[in-house]
Structure formats: C-alpha cells, structure tokens
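>>> here is my input, please return the structure:
(one chain, ligands or ions: 1)
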Amino acid sequence: MTLPLEKIQILLPDAVESSRKLAVQGEVASYIPELSRAPQHALGVCIMDRTGKQASAGDTELKFTLQSISKVFTLLLALLDRGEEAVFTKVGKEPTGDDFNSMLKLELVEPGIPFNPLINAGAIAISSLIEGKNPKEKSQRILDFFRKSAGNSSIDVEESVFRSEADSAHRNRSLAYFLKDNGVLTGDVEEILEVYFRHCSIEVTCSDVARMALLLACNGTDPLTGETLIPRRYVQIAKTFMVTCGMYNASGEFAIGVGLPAKSGVSGGILTMVPGTYGIGLVGPALNDKGNSVAGVHLLEQLSSKLDWSMF
Ligand SMILES: NC(=O)CC[C@H](N)C(=O)O
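Modelled structure (predicted):
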C-alpha cells in the first residue's frame, strides 16, 4: 500500500536532500566525454500518477540523455515492428553477470547472440531490427515513438552527446563488428551504430521519464489519453528484463532493496515504476561502482521501504 501523491510530495524534498549527500561517493561517467559535464551533486525525481499529477523534488529541470534507458523502448519498438519470434532470434533472455559493454560471452557461448536486449551488444542488435529504409528514417521512427511514449513532441536528440559518443565508441564498434561476423547483424554496421548512438542521446527531463514509466506501469495503455500504444505482452517482456538485468550487475541487489522494475543509464537516469500506480523518473549523475546513480538508488531504497513499494 503506497501513500497518495500529496503525502509523497510532503516527504520527498527531505528524502532527496538526504540522498543527495551520497553523490560525493560516486563518479560522473566520462568515457563518453560530453557526459562528464553533468553536475556531480545533482539529484532530481518526479513521480507521476495515473491522472498525470506529479510529486517532484530536487533538480527536476536538469536535462540528461536517456543512454541505456532508451534500450527498453527500442526493444518495444522492435517487438512492434518484427514480433516476438524474430526479435528473439537476435537476442537472448538471460542476464550476463558481465559489464554492459562486455564481449566475453559473444565468443564463449553458442549461439553467438547477445544474452539480452539491455546490454550494449543486445541493444545494437535491436537497433538493426527497427524498420525504416535508412538510418535517418529509423532514427525518426524511434524519436516519434519516444515522443509519443513521453507525451512530449519536443524531446529530441542532443547532438553534442551523439557526436561525442559516435567519436569515442571504440568498444561499441568492436562489439558491432563482432556481431556482424557472427551473422547477428545484417546490413551496414556504421549505419546500425548511428541509429543506436542517436537513441542513446535522446534528451529528457525527469518528468518525461516518469511519463514513459507510467505507460509501462499501465501495461502499454496511456492512462492520460486512453490510447494503447504497446500490447500488454510486450510490456511484460520489457518489465521482466528490467527486473532481471535493468540495473546491470546490481539488478538482484536492486530487486531486494527496492523491488521494482527499473532501467538505469550512464548519464545517471533511472526509469522505474510502481506497477499500476506510479511512473518514476530520476536523475543523479554520480554513479556507483556498478554504474547506477548512487544517490538515486539510495533515494529509491528509502522511498520503497517507507512506502512499501516492493512488488515481491
Ligand atoms: N549503460 C549505458 O547507459 C550505456 C549507453 C551508452 N550509450 C553506451 O553505449 O555505452
């Protein structure tokens, strides 16, 4: 049983300020150079209910790129475009226990398909499945789907982050060429990577992420418009991946400590939800050693225990 939004709003500012103190323990990602400009001590959260009302606190105006959070929505679009069977010939359904950008299991385990769609190799394979006659059209279809999911037609790709990643993505490039060699990727590798880098660089605020999360919390039917954007089955698949591998190698710890489906990204964003009730968007750029927002995870642990949010 969670509290109504008005009550949550009362406790949220103090919860954010006490969690913000943990940001000093983390580090802002810098392997994509442009991301290193994010403010280390920022923390913002937005919780949206089914009527669109929001409780929020902290740095809710901060803009950040979705990074790995985008992988949940490209998976959904690939499922819509190609169906379940085609998608799961290209990616598996299991967590890896390795880093999100690891290539280890691609060579070790047969068949050489990525273990799941939320690691980089899996998300690159998913990008290759998005319909469109060229990278521009594919990227536009992804952007349109994200805008619709966020109920915000003005979200867009942040070009400097896109450029920065495209110029420094030696690891992702090697993963993609490996996948090409394994026969997982068909088509031009650089074009597939461009689609992948662009969706990682879509810029949002906490409130956009909360609205995207609310759509998943409501099983694919937007509670504000009544429109079904995604079939329930596909949302179930996405949420299951979020529980088993959405928080990298801390997914088990997060399931025990918070107990909600979630996906995080290297920009410090987290998308999570109280199923059926709230969509939650959060940003805190300082990351812990598992790659998740250190203050953000702490905040969600506090809220989940106080408000009895765990689904388990
Ligand atoms: N964990 C992440 O958020 C990774 C996304 C990032 N764009 C990358 O490919 O490395």
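
>>> secondary structure element for Phe146?
Element membership for Phe146 (DSSP states H and E) is helix 135-150.

>>> and what of Glu107?
Residue-wise, Glu107 maps onto helix 104-108 under DSSP H and E.

>>> quick one: mean pLDDT for the helix or strand just after that helix?
Scanning forward in sequence from helix 104-108 by DSSP H and E, the next helix or strand is helix 120-127. Per-residue pLDDT over helix 120-127 has a mean of 97.

>>> quick check on Lys90: phi, psi?
phi -100, psi -30 (degrees, to the nearest 10).

>>> oops, could you answer that again for Gly132 instead?
According to degrees, to the nearest 10, Gly132 has phi 150, psi 150.

>>> just the pLDDT for it.
Predicted confidence (pLDDT) for Gly132: 98.

>>> next, count neighbours for it.
Using other CB atoms under 10 Å, Gly132 has 14 neighbouring residues. (C-beta placed from N, C-alpha, C; glycine too.)

>>> does it touch Gln140 like I think?
Yes: using CB atoms under 8 Å, Gly132 makes contact with Gln140 at a distance of 7.4 Å.

>>> that older thread, output the contacting helices and strands for the helix holding Phe146.
helix 70-82, strand 156-157, helix 189-200, strand 202-204, helix 206-217 (3 or more CB pairs under 8 Å, 6 or more residues apart in numbering; DSSP states H and E).

>>> how does it look with 10 Å?
On a contact count with 3 or more CB pairs under 10 Å, 6 or more residues apart in numbering; DSSP states H and E, helix 135-150 meets helix 70-82, helix 120-127, strand 156-157, helix 189-200, strand 202-204, helix 206-217.

>>> and of the ones you listed, who's closest to the ligand?
Of all those, the one in closest proximity to the ligand, counting by CB to the nearest ligand atom, is helix 189-200 (3.5 Å).

>>> now that closest one: average pLDDT?
98.

>>> tell me where the stretch 51-200 of the chain is predicted with low confidence.
In the prediction, the stretch 51-200 of the chain carries no residues with pLDDT under 70.

>>> quick check: nearest residue in space to Val15, chain neighbours excluded?
Just to correct that, residue 15 is Ala rather than Val. Leaving aside its sequence neighbours, Ala15 sits nearest to Gln302 (CB to CB, 6 or more residues apart in numbering; 5.5 Å).

>>> that neighbour falls within a strand, correct?
No: secondary structure of Gln302 (DSSP: H, G, I helix; E, B strand; the rest coil): helix, not part of a strand.

>>> before we move on, the earlier item: which elements pack onto the helix holding Glu107?
helix 170-181.

>>> contacts made by the helix it packs on with the rest, please.
31, 90, 99, 101-103, 106-107, 112-114, 119-125, 127-128, 165-166, 169, 184-190, 192-193, 196-197, 200 (CB atoms under 10 Å, 6 or more residues apart in numbering).

>>> pull out the buried residues from it.
172, 175-176, 178-180 (16 or more other CB atoms under 10 Å).

>>> also stretch 130-142?
Applying 16+ other CB under 10 Å to stretch 130-142 flags 130, 135, 138-139, 141-142 as buried.

>>> does the ligand sit close to that stretch?
No: Stretch 130-142 stays clear of the ligand (CB under 6 Å from any ligand atom), getting no nearer than 13.8 Å.

>>> quick one: contacts of that stretch?
70, 73-74, 77-78, 80-82, 127-129, 145, 157, 162, 187-188, 190-199, 202.

>>> just the buried ones out of those residues, please.
70, 73-74, 77-78, 80-82, 127-129, 145, 157, 162, 192-199, 202.
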